[in-house]
Each structure stands twice: as C-alpha cells, then as structure tokens.
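Student: Fold the following.
(2 chains)
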Number of protein chains: 2
Amino acid sequence: MILEIADIRITPGQQAAFENALQRALDTVASQAQGMLGWSVNKGVESPERYMLQIRWATLEDHTVGFRQGPLFPAWRALIGPFFAQPPQVEHYALVAQSS
Amino acid sequence: MILEIADIRITPGQQAAFENALQRALDTVASQAQGMLGWSVNKGVESPERYMLQIRWATLEDHTVGFRQGPLFPAWRALIGPFFAQPPQVEHYALVAQSS
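Tutor: Model prediction:
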C-alpha cells in the first residue's frame, strides 16, 4: 500500500466550490481507478486555502501510471484543476507505523 | 478532532535511528499527552529523508498549548530533534470528508 499526499493550494474564497468539485471528482472519477483503496480530505486551519488530499493506492504504479497516464485523468483534472492557485505538490509515502 | 501534519526532513542516512527514536517518542511521551487520539508515520518514496507524522488531537489547543507548552515537550524534542535537517513544517487540519 502506498499513500499519495497532495498538498493543494486553491484560489482564495473558493473553498465551498472546490470542496464540492473534489467530492464529485472522488465519487465519479477516482472511485473508478484501479487500485484506489480509499481517501481523505483535510483543510488547513492556519492556511485556509490549503488542502491535504490523501489517497491510498494498492501500488505506486496504480497512481503514477494507471491513473495519471490513463483515461480517467483528464476528467479528474477538469473538475479540480480550475481551483488550483499553483500546481499541487504530490509525493508518495510508505507506512512506517501507526497507533492501534 | 484536529489533524496535525508534521513534514519532517532528517539528516541523510539516519532513517533507521530516526524511526526508532520516533517510535520511542510516540510510545513513551506523546502517548501521555492529553487529547492525543492516535498517530501514523509515513516515509517518502521520492524523498527518502522525508517523513509525514500525522497526529490526531481532540482539540487544537491540546497540541499547541497542552503539549507544546507543557512538561512533555522537552523529552519529545530531545528524542527526535537531533535528527532534523531543518525545522519541521507543522500545520493543523480539519477533516472535510473521507471514504467509507
């Protein structure tokens, strides 16, 4: 299992519209992606235009190849891309440990 | 519930020692903090010196006041601080939505 963390900065004042668009993108597009195991969305307390989107993938390639280079990506980006104030910073992580 | 995300960059080559120290700091120090609900540690795939420490707190002040300004913090920082290549970037987040 690989965790994608996308650090997203949106245009000020667009929080409600972005949250609706992201929910739709997750429900209608990402949910169809091979190896997409689950997700969470958190919004910044100190930085109200900052969102942390975390998506669990079965493998790294399910995200970097299957999703990003596959047929779903244009629809995903069309829904949420218009809100980005700058390109999201996206990296992948492996679980070290977690509390029970 | 508030999510703390600490974006940590450690000294190259110190991964195993840092992971041991962090586990000890979580088990022996953070576990005693008021309002500390749970945690996860992930390590970077693209950036092998990068760790994302996520801690769930009952309230923002449980972290910012109770823990950071309380008696546990010196022991916490003494265990993991020596590994930091730069000051961690720490912000707090509120849950917007997550998959079932």
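
Student: Touching, A:A17 and A:F83? I think so.
Tutor: Yes: if you go by CB atoms under 8 Å, A:A17 and A:F83 touch, sitting 7.0 Å apart. Heads up, the C-betas are built off the backbone N, CA and C, glycines and all.

Student: out of the two, which sits in the busier spot?
Tutor: Per other CB atoms under 10 Å in any protein chain shown, whichever of A:A17 and A:F83 has more neighbours is A:F83, with 19 against 13.

Student: for chain A, what spans make up the strands?
Tutor: Counting by DSSP state E, chain A has strands at residues A:2-9, A:36-44, A:50-57, A:89-98.

Student: Who are the packing partners of the last one?
Tutor: Contact here means 3 or more CB pairs under 8 Å, 6 or more residues apart in numbering or on different chains; DSSP states H and E; on that basis strand A:89-98 packs against strand A:2-9, helix B:15-28, strand B:36-44, strand B:50-57.

Student: elements contacting the second one?
Tutor: Contact partners of helix B:15-28 among helices and strands, from 3+ CB pairs under 8 Å, 6+ apart: strand A:89-98, strand B:36-44, strand B:50-57, helix B:73-80.

Student: got it, and the third one?
Tutor: With contacts defined as 3+ CB pairs under 8 Å, 6+ apart, strand B:36-44 has these neighbours: strand A:89-98, helix B:15-28, strand B:50-57.

Student: buried residues in it?
Tutor: B:36, B:39-44 (16 or more other CB atoms under 10 Å in any protein chain shown).
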